[in-house]
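Trainee: Let's see this in three dimensions:
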Amino acid sequence: MVAWRFRLRTLAQREIVIAAVAAGLTMLLAFAGLHKLGTAGLLLPLAVVLVVILVGRPVAMVTLVVGLAILCEGPTFGLFHFTSHLYDHFKGLTPLDALVALAVLSVGLDLMRRRRSPRVPRPLALPLMLLALAMISGAVVGHAAGVSLRTVLVAENVLAYLLVLPVAIANLELERRQLVWCIGALGGLAILKAGLGLIEVFGHYGESVEGTATLTYYEPAANWLIMMALLGALALVMARAKPPAWILLGSPLLLASLVLSYRRSFWIATVLGLLLVVLLGTSSPGRRLLLPVGLLLTVSVLLLGSISFQSSESPIARRVASLSPSKLEANVQDRYRLDERANVLGAIGQNPITGLGVTIPWAATFQPLSVEHPEGRQYVHFAALWFWLKLGILGLLAYVTLLAGSALLAWQAWRRSPEPVLRAFALASLCAVVGLSAMDTTASFTGVDPRFTVLLGAQLGLLGLIVRTAA
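Mentor: Below is the predicted model of the structure:
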């Protein structure tokens, strides 16, 4: 009896000490937050507690990061301006960077608790290894050119998303039923985003295009999610699975939002993806037509601008007509892309192995520019050339093998999974990757745009989970 009383007294003393320490830390955090952030800093202890709780729950932490990247638009979205603060820079880093790091840390701690080694989806092993080597090479070359080591490392933050997010999500402990729920939630978010985009147009909150119209989404993340939802809905229909009624009812919203984005690259990628879904979702004879139909589609896109639209005042018609080579020469922004490409190819020709290095801008020494853009010398409207310019030949190999590995991973998930929803998501992903290879020739999204890279990394991680659960 005396021993029990002694143990209870000792336990009570420990709890008192722990409570006192916790209270002291909470007060210190509150005072520090009040000093640095004002009244809002009083919520800092609550935020720290919330972070600690979420770090212990990797699925919730990853869901939070991907959900915020989907819902929080950048400064070009006029409906909700406050969401753009998620991408504000603080010494080169953003709150999104911190959230991604916490999500990866959460998965890593969970693996340590389970005493399980991380699994890398086999088709992504070589691309991710090449990407890691290319990032090291780009940092070394950039640092050798006189840029501080911290600056070049911070500049590779978005590439780091591409390196760690697919592996982190592929190592989550999710069952097949939970995967189906996650993909359904992504479809619901796509319809929500489409509705918000249409409100943006009808309320004239967004960016203007062609001088007369307002677009839905200029940034690629929402358009990619909406395109994926359209491809997935068609894949479900082609698989003779019964799609949920809300998917069918939301499809017109998805289509209208994508059309009113006026992003020509997404139009082409969506048409190509839908065609591939129809071909691959049918019988084997239909798949044999894949190559000739793909060639026919390419020729059609090149000839699309030759159709006369002079009598139409529709912004959509003008955007379609702008695909003509003659229109590209006349349009100042499109002409800039051609001038930019000439200078970038010239810079790569002078440094074909190492590239220029991270943070080193290209120079307009081979072709004068029609217009200058802020930070334009750090960007390239062709993802493969961006990887080559910044990370050298290893960067180009990493980009090419990443697209190939992503397509192979999606193919494996499509062929191996018995669940119709997961098969539809995998087939849509396969066709979307083919569309991405076309989109990346007109703008750099993969590994360059933060929100798009978060979505792509999450998508590859889900494909890895599908393959794992199917096995």
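
Trainee: contacts and neighbour counts: CA atoms only from here.
Mentor: OK.

Trainee: Show the contacting residues for residue 444.
Mentor: 379-383, 386 (C-alpha atoms under 8 Å, 6 or more residues apart in numbering).

Trainee: which one among the residues you listed gets closest to residue 348?
Mentor: Using C-alpha to C-alpha, residue 386 is the member of those that sits closest to residue 348, with 9.8 Å.

Trainee: and that closest one, what element?
Mentor: Residue 386 is part of helix 383-416 when elements are defined by DSSP states H and E.

Trainee: elements contacting that helix?
Mentor: helix 122-144, helix 332-350, helix 420-439, helix 450-470 (3 or more C-alpha pairs under 8 Å, 6 or more residues apart in numbering; DSSP states H and E).

Trainee: Using a markdown table, lay out those helices together with distance to residue 258 and mean neighbour count.
Mentor: Shown next, in a markdown table, are the helices and strands packed on helix 383-416 (distance: least, C-alpha to C-alpha, whole Å; neighbours: other C-alpha atoms under 10 Å):
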| stretch | distance to residue 258 | mean neighbour count |
| --- | --- | --- |
| helix 122-144 | 30 | 21 |
| helix 332-350 | 21 | 18 |
| helix 420-439 | 14 | 24 |
| helix 450-470 | 16 | 24 |
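
Trainee: Tell me which of those lies nearest to residue 176.
Mentor: helix 450-470 (6.3 Å).

Trainee: buried ones in stretch 393-409?
Mentor: By 16 or more other C-alpha atoms under 10 Å, the buried positions in stretch 393-409 come out as 393-399, 401-409.

Trainee: Outline the domain layout of this protein.
Mentor: With domains defined by automatic domain parsing, the chain comprises 2-55, 127-470.

Trainee: if we can go back for a sec, could I get the helices and strands packed on helix 383-416 as JSON lines with distance to residue 57 and mean pLDDT?
Mentor: Shown next, in JSON lines, are these (distance: least, C-alpha to C-alpha, whole Å; pLDDT from 0 to 100):
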{"stretch": "helix 122-144", "distance to residue 57": "25", "mean pLDDT": "94"}
{"stretch": "helix 332-350", "distance to residue 57": "45", "mean pLDDT": "82"}
{"stretch": "helix 420-439", "distance to residue 57": "24", "mean pLDDT": "92"}
{"stretch": "helix 450-470", "distance to residue 57": "17", "mean pLDDT": "94"}
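
Trainee: Include distance to residue 185 when you put these into CSV, please.
Mentor: Formatted as CSV, the helices and strands packed on helix 383-416 follow (distance: least, C-alpha to C-alpha, whole Å):
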stretch, distance to residue 185
helix 122-144, 25
helix 332-350, 37
helix 420-439, 12
helix 450-470, 13
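
Trainee: Among those, which comes closest to residue 278?
Mentor: Residue 278 lies closest, by C-alpha to C-alpha, to one member of the helices and strands packed on helix 383-416: helix 420-439, at 10.1 Å.

Trainee: Packing partners of that closest one?
Mentor: Against helix 420-439 (3+ C-alpha pairs under 8 Å, 6+ apart) you get helix 176-202, helix 220-238, helix 264-280, helix 383-416, helix 450-470.

Trainee: Out of those, flag the one nearest residue 368.
Mentor: So among these, helix 383-416 is nearest, using C-alpha to C-alpha, at 18.9 Å.

Trainee: before we move on, back to that, lowest-confidence stretch among the domains of the chain?
Mentor: Between those, the one with the least mean pLDDT is domain 2-55; it has a mean of 52.

Trainee: if we can go back for a sec, which single one of the contacts of residue 444 is nearest to residue 116?
Mentor: Once C-alpha to C-alpha is applied, the member of the contacts of residue 444 that ends up nearest residue 116 is residue 383, at 35.5 Å.

Trainee: how many neighbours does that closest one have?
Mentor: When neighbours are defined as other C-alpha atoms under 10 Å, residue 383 has 23 of them.

Trainee: Also residue 386?
Mentor: For residue 386, using other C-alpha under 10 Å, the count is 25.

Trainee: quick one: the strands in the stretch 1-150 of the chain?
Mentor: With DSSP state E, counting those that start in this stretch, there are no strands along the stretch 1-150 of the chain.

Trainee: before we move on, the earlier item: just so I know, which of the helices and strands packed on helix 420-439 lies nearest residue 117?
Mentor: Of all the helices and strands packed on helix 420-439, helix 450-470 comes closest under C-alpha to C-alpha, at 14.4 Å.

Trainee: helices or strands up against that closest one?
Mentor: helix 58-71, helix 157-170, helix 176-202, helix 220-238, helix 383-416, helix 420-439.

Trainee: What are the contacting residues of that helix?
Mentor: 66, 69-70, 121, 158, 161-162, 165-172, 174-176, 179, 220-221, 224-225, 406, 409-410, 412-413, 416-418, 422, 426, 429, 445-447.
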